[in-house]
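Participant: my questions concern the predicted model and sequence given below.
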Amino acid sequence: LLVNGSSGIAVGMATNIPPHNLTEVINACVCVLDNPEATLYDLMQHITGPDFPTKGIIMGRSGIRAAYATGRGKIILRARTEFEEFGRDRTRIIVTELPYQVNKRMLIKNMADQVNDKRLEGISDIRDETDRTGMRIVIEVKHDANPQVVLNRLFAQTQMQTSFAINMLALVDNQKQPKILSLRHIIDEYLAFQEELITRRTQYDLKKAREREHLLQGLLIAQDNIDEVIHIIRTSYDDAKEKLMERFSLSDIQAQAILDMRLKALQGLDREKLQNEFDELEKKIAYFVELLSNETMLKGVLKDELLEIRDKYGDARKTEIQEVEDEIDIEDLIEEEQCVFTLTRNGYIKRTSASEYTAHSFAPRLNASIAIAPLPAYKSRKRQPGISDCIILNRVSFILSVVGLVLSPLTDLRGILLALPAITLIKKPSYYMSSSGHGILLISIILSLSIRSDIACFAVFFSNKIAFTSLTIGISTPNFLATADVDLAA
């Protein structure tokens with residue numbers, strides 16, 4: 001699929017895989033064999049991109065990287081051009097390579113039509129000077145035209161620049177299921193198939209070798225007892241096979257082979273050949289058995305065969321890949337940051353930036369406890385505050401309450417400090433806090449704005465105690481309300 005490429009449309013799906021260079025693909029396969037943990041970056045050190053037989057130029061690498069990572073991507077192909085001076089300060093554009101699957105005759109006709117319709121300006125003549133030495137399309141530029149501007153318009157308005165949409169869809173799982181494959185997945189599928197191929201081939205060779213070994217054993221027995229074998233055959237009427245089987249404990253196949261043996265095989269030279277062949281078969285059988293039982297050895301055979309194909313048929317790549325300035329890669333749009341991943345018992349996963357936990361300098365010990373805290377599994381899609389939210393809000397308000405108690409002479413400042421955590425908790429309430437706890441917070445807001453700030457300090461303190469206790473211990477609703485009332489009375 002990678003080397004030859006593939007293109008086709010089916011019902012509800014299509015595939016479009018560009019061709020690649022044989023040497024590069026085999027090098028990538030060897031890389032995976034040597035390093036099973038090879039990443040996409042490692043593979044792209046060998047497979048730099050598609051390699052089209054019509055050569056041309058691929059603009060940029062972002063489309064290649066996206067296709068290799070996800071199975072989908074788009075690359076831009078351009079014709080190879082050069083400027084050539086002629087006449088009196090005249091310039092012509094020479095096209096020597098075209099993008100993949102672009103018809104030269106149709107391209108020239110399309111350019112001529114656009115020149116005649118005044119959609120392409122600055123061109124005085126278009127000629128096809130292709131011969132056996134290679135492709136050569138000549139585009140003469142008018143004296144007062146800018147050759148670079150004309151070339152850019154040709155790229156924009158003709159097939160001298162095309163796009164190739166990569167969609168690496170293929171059948172996997174024994175050709176049962178169509179699936180979009182990444183570059184690593186395609187290589188893994190190919191290597192797994194080749195390992196299976198070598199295994200089945202070795203099993204077949206082992207079977208044939210054992211059959212031949214069995215046959216040679218009978219022939220060697222006949223050679224060692226040739227006089228008795230001849231006597232049994234001469235004295236038998238039509239049961240020579242049965243007598244040989246009974247006398248020398250031979251199988252039906254061995255006895256038949258002895259009966260089919262020619263008199264020429266009685267020579268000493270043939271006896272030596274049989275013995276040598278039998279010894280070689282024993283070595284082959286031992287090798288096949290070891291190969292089937294040793295996965296590392298099997299991968300070594302696969303690697304040697306791939307390298308042999310590369311050395312015999314590999315060649316240099318034809319298509320050039322040009323870097324594009326200011327090319328935007330999708331990875332450039334994603335900021336790298338440390339993240340915390342939480343997995344629920346129902347199988348949902350949540351990603352949270354680590355900065356969410358390190359932003360609070362007051363509780364370094366809190367970071368570890370929150371980072372490993374499991375999120376409750378809610379069946380509803382509505383976002384509900386988790387345990388970590390409640391812990392943070394209640395501890396913040398508790399600390400600010402203590403600060404309010406310390407700043408007793410500054411009534412106004414103390415009131416503001418008390419009002420902030422209370423408002424925060426009312427704005428983002430915890431589902432673990434009862435109505436009594438919310439009532440205490442409302443009272444603390446009112447009292448914090450009045451002269452009775454001492455009572456407000458205790459109210460916020462006890463409301464935090466109630467919320468945190470109910471959260472961590474899980475008090476039942478009647479006990480929870482009773483505790484709230486006692487704290488309010490105190």
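Facilitator: Arrived safely, thanks for sending.

Participant: so where does the closest residue to Glu282 other than its chain neighbours fall, helix or strand?
Facilitator: Closest residue to Glu282 in three dimensions, ignoring its sequence neighbours and counting by C-beta to C-beta, 6 or more residues apart in numbering: Glu213, at 7.0 Å. Yep, even glycine has a C-beta here, placed from its N, CA and C like the rest. Per DSSP states H and E, Glu213 falls inside helix 183-224.

Participant: how distant is that helix from the center of its chain?
Facilitator: Distance of helix 183-224 from the chain centroid (C-alpha atoms, centre = their mean, to the nearest Å) equals 33 Å.

Participant: what ranges does the stretch 201-350 of the chain have for its helices?
Facilitator: Per DSSP state H, counting those that start in this stretch, the stretch 201-350 of the chain carries helices over the ranges 226-235, 240-248, 252-260, 268-293, 295-313.

Participant: out of the ones you listed, nearest to Pro99?
Facilitator: helix 295-313 (25.3 Å; C-beta to C-beta).

Participant: average pLDDT across that closest one?
Facilitator: Average pLDDT, helix 295-313: 94.

Participant: so it versus helix 183-224, what angle?
Facilitator: Angle of helix 295-313 versus helix 183-224, following axes from the mean of the first three to the mean of the last three C-alpha atoms, to 10 degrees, is 100 degrees.

Participant: and for helix 295-313, what's in contact with it?
Facilitator: 22-23, 26-27, 29-30, 33-34, 191, 194-195, 198-199, 202, 290-292 (C-beta atoms under 8 Å, 6 or more residues apart in numbering).

Participant: pull out the buried residues from it.
Facilitator: Neighbour-count burial for helix 295-313, counted by 16 or more other C-beta atoms under 10 Å, picks out 298-299, 301-303, 306, 310.

Participant: ok, so of the residues you listed, who is nearest Gly60?
Facilitator: Relative to Gly60, the closest of the buried residues of helix 295-313 is Arg310; by C-beta to C-beta it sits at 27.8 Å.

Participant: circling back to that earlier point, the helix holding Glu213 vs helix 226-235, what angle?
Facilitator: Going by the same axes, to 10 degrees, helix 183-224 makes 80 degrees with helix 226-235.

Participant: what is helix 183-224 packed up against?
Facilitator: Packing contacts for helix 183-224, counted by 3 or more C-beta pairs under 8 Å, 6 or more residues apart in numbering; DSSP states H and E, involve helix 22-34, helix 40-44, helix 62-70, strand 169-172, helix 240-248, helix 252-260, helix 268-293, helix 295-313.

Participant: what's near enough to touch the nearest residue to Gly122 once chain neighbours are set aside?
Facilitator: Nearest non-adjacent residue to Gly122, counting by C-beta to C-beta, 6+ apart: Ala145, 3.1 Å away. By C-beta under 8 Å, 6+ apart, Ala145 lies in contact with 121-123.

Participant: so is Ala145 in a helix, a strand, or just coil?
Facilitator: Three-state call for Ala145 (DSSP: H, G, I helix; E, B strand; the rest coil): coil.

Participant: separation between it and Glu320?
Facilitator: 27 Å (C-beta to C-beta, to the nearest Å).

Participant: count the neighbours of Gln175 for me.
Facilitator: Gln175 has 8 neighbouring residues, counting by other C-beta atoms under 10 Å.

Participant: actually Ile126, not the one I wrote
Facilitator: 19.

Participant: which SS class is it?
Facilitator: Secondary structure, three-state DSSP: Ile126 is strand.

Participant: circling back: to Tyr348, which of the helices of the stretch 201-350 of the chain lies closest?
Facilitator: helix 295-313 (37.2 Å).

Participant: re the thing from before, from the contacts of Ala145, which is closest to Asp252?
Facilitator: Among the contacts of Ala145, and counting by C-beta to C-beta, the member closest to Asp252 is Ile123, at 85.0 Å.

Participant: where does the residue nearest to the closest one when sequence neighbours are not counted land on pLDDT?
Facilitator: Distances taken as C-beta to C-beta, 6+ apart place Val115 nearest to Ile123, at 5.1 Å, with adjacent residues excluded. According to the prediction, Val115 has pLDDT 92.

Participant: again, but for His214
Facilitator: We have a pLDDT of 92 for His214.

Participant: out of the contacts of helix 295-313, which are buried?
Facilitator: Using 16+ other C-beta under 10 Å, the buried ones in the contacts of helix 295-313 are 22-23, 26-27, 29-30, 33, 191, 194-195, 198, 202, 291.

Participant: for these, could you give me TSV that also reports distance to Glu246?
Facilitator: Listed next are the buried ones among the contacts of helix 295-313 as TSV, based on distance: C-beta to C-beta, whole Å:
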residue	distance to Glu246
Leu22	60
Thr23	62
Ile26	57
Asn27	61
Cys29	56
Val30	56
Leu33	53
Leu191	52
Gln194	48
Glu195	46
Ile198	42
Thr202	36
Leu291	38
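
Participant: among those residues, which one sits closest to Arg65?
Facilitator: Closest approach between the buried ones among the contacts of helix 295-313 and Arg65, by C-beta to C-beta: Asn27, at 18.0 Å.

Participant: how close does the closest one sit to Ser251?
Facilitator: Taking C-beta to C-beta, one finds Asn27 at 50 Å from Ser251.

Participant: then Ala156?
Facilitator: Distance, Ala156 to Ser251, using C-beta to C-beta: 79 Å.

Participant: have a look at those two and say which one is more surrounded.
Facilitator: Neighbours around Ala156 and Ser251, counted as other C-beta under 10 Å, are more numerous at Ser251. The numbers are 13 against 10.

Participant: where does pLDDT dip in the stretch 151-300 of the chain?
Facilitator: In the predicted model of the stretch 151-300 of the chain, residues 265-269 satisfy pLDDT under 70.

Participant: what do you get for the stretch 351-490 of the chain?
Facilitator: Ranges of the stretch 351-490 of the chain meeting pLDDT under 70: 358-490.

Participant: mind running it again at 80?
Facilitator: The stretch 351-490 of the chain contains residues with pLDDT under 80 at 357-490.

Participant: ok so, going back, got TSV for the helices and strands packed on helix 183-224, with distance to Ala222 too?
Facilitator: Output for the helices and strands packed on helix 183-224, formatted as TSV (distance: least, C-beta to C-beta, whole Å):
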stretch	distance to Ala222
helix 22-34	47
helix 40-44	58
helix 62-70	63
strand 169-172	53
helix 240-248	8
helix 252-260	4
helix 268-293	10
helix 295-313	36
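
Participant: quick one, which of the ones you listed gets closest to Gln223.
Facilitator: Nearest to Gln223, of the helices and strands packed on helix 183-224 and by C-beta to C-beta, is helix 268-293 at 5.0 Å.

Participant: and the closest one, how far out from the chain's middle?
Facilitator: For helix 268-293, the gap between its own C-alpha mean and the chain's C-alpha mean amounts to 45 Å (C-alpha atoms, centre = their mean).

Participant: list of residues touching stretch 83-95?
Facilitator: Contacts to stretch 83-95, defined as C-beta under 8 Å, 6+ apart, come from residues 79-82, 135-141, 143, 147, 150-151, 154, 160.

Participant: recalculate using a threshold of 7 Å.
Facilitator: Applying C-beta atoms under 7 Å, 6 or more residues apart in numbering, the contact partners of stretch 83-95 are 79, 81-82, 136-141, 143, 147, 151, 160.

Participant: list the buried ones in that stretch?
Facilitator: Within stretch 83-95, the residues that count as buried by 16+ other C-beta under 10 Å are 91-93, 95.

Participant: likewise for stretch 145-156?
Facilitator: Buried residues in stretch 145-156 (16+ other C-beta under 10 Å): 145, 147, 150-151, 153-155.

Participant: among these, which lie within helices?
Facilitator: 147, 150-151, 153-155 (DSSP state H).
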